[in-house]
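Q: From the sequence below, what's the structure:
(one chain, ligands or ions: 2)
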Amino acid sequence: MASIIIEAAGLTKSYGEICALKPLDLSVPEGEWLSVMGHSGSGKSTLLNLVGGLDRPTAGTLKVGGEDLLGRDEDGLARFRREFVGIIFQQHHLVPYLTALENVMLAQYFHSLPDEAEARTALERVGLGRRLKNRPGELSGGEQQRVCIARAIINSPRLLLGDEPTGNLDGSSTTMVLELLRELRSQERFTVVMVTHNQEVADWGDRTIHMDDGLLVREERKVF
Ligand code: ADP
Ligand code: MG
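A: Ligands and ions are numbered 1, 2, ... in the order given. I've put the predicted structure just below:
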């Protein structure tokens, strides 16, 4: 049986009066592709940010990869994010004046040491071997997201998080990005947690949890 990579119990997040995440229990086996669905404001990003160590819960317990995230100070959380997590957002957050290659090398720099050959290989793996020297403004939306995927996987994360990564893409670019993630996952065996409000995107996952007003209200597992 696969080991558990994410283990949350009573996980809660409040912003003042607003309870963005109501006590949530969640267990994710290593290697799973989990989709998180729900309307805008239902707490999807809040959950993702907690799991990725980008934010801290108000209450509850959270273990990722066997590590208690609540026990970590800011430096410890930053190290966790660097070593453990790759994240892809809806907005690409690429540096506009750097080339695709330089953007990937920047991520390496924050992790350890930039390695141009390795960055080049990562971009080749996402099908951008011929766009290394282009800046984000010269790439399509789908290509920009592929740079983000190269950037997210360059440090071999165990956990790949996506917050509506295909939210700004058309149908064919969406399919291309999801196919790429599926292929990379089959090679590297990372766990995926993907927030989306699109049922077709969610269907790429092994399991979908549905959030409503900060609560996990339903889950469904793909039947093979
Ligand atoms: P989703 O990603 O599902 O759209 P979020 O997790 O971003 O939802 O937000 C859940 C709720 O928490 C919303 O009501 C939102 O306004 C609130 N919220 C999220 N982040 C903050 C914040 N930094 N400060 C205050 N309220 C926030
Ligand atoms: Mg969100």
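
Q: any idea what sits nearest Ala9, other than its immediate chain neighbours?
A: Residue nearest to Ala9 in three dimensions, not counting chain neighbours: Thr61, with 4.9 Å by Cβ to Cβ, 6 or more residues apart in numbering. Where C-beta positions appear, they are placed from N, C-alpha and C, glycine not excepted.

Q: I'd assumed Ser140 was in contact with Asn168.
A: No: with contact defined as Cβ atoms under 8 Å, Asn168 and Ser140 do not form a contacting pair (10.9 Å).

Q: Spatially central residue in the protein, please.
A: Leu161 (1.2 Å; Cα atoms, centre = their mean).

Q: Name the next helix or strand following the longest helix anywhere in the chain along the chain.
A: For the chain, the longest helix by residue count, based on DSSP state H, is helix 171-188. Following the chain from helix 171-188 toward its C-terminal end, the next helix or strand by DSSP states H and E is strand 191-195.

Q: quick one: contacts of that next one?
A: The contact list for strand 191-195, computed with Cβ atoms under 8 Å, 6 or more residues apart in numbering, reads 5-6, 28-37, 44-45, 47-48, 51, 158-165, 181, 185, 201-202, 204-205.

Q: Likewise for stretch 67-75?
A: Leu50, Gly53, Arg56, Pro57, Thr61, Leu62, Lys63, Leu77, Arg79, Phe80.

Q: mind checking the SS state of the last one?
A: On the three-state scheme (DSSP: H, G, I helix; E, B strand; the rest coil), Phe80 is labelled helix.

Q: so how many other residues sit close to it?
A: 18 (other Cβ atoms under 10 Å).

Q: which residues does it contact?
A: Gly53, Val64, Glu67, Leu69, Arg72.

Q: Can you list which of the residues you listed are found in strands?
A: Val64, Glu67 (DSSP state E).

Q: JSON lines for the contacts of Phe80, including neighbour count, distance to ligand 1 and pLDDT?
A: Putting the contacts of Phe80 into JSON lines (neighbours: other Cβ atoms under 10 Å; distance: Cβ to the nearest ligand atom, whole Å; pLDDT from 0 to 100) gives the following:
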{"residue": "Gly53", "neighbour count": "22", "distance to ligand 1": "16", "pLDDT": "95"}
{"residue": "Val64", "neighbour count": "23", "distance to ligand 1": "18", "pLDDT": "96"}
{"residue": "Glu67", "neighbour count": "14", "distance to ligand 1": "23", "pLDDT": "89"}
{"residue": "Leu69", "neighbour count": "22", "distance to ligand 1": "18", "pLDDT": "92"}
{"residue": "Arg72", "neighbour count": "15", "distance to ligand 1": "20", "pLDDT": "91"}
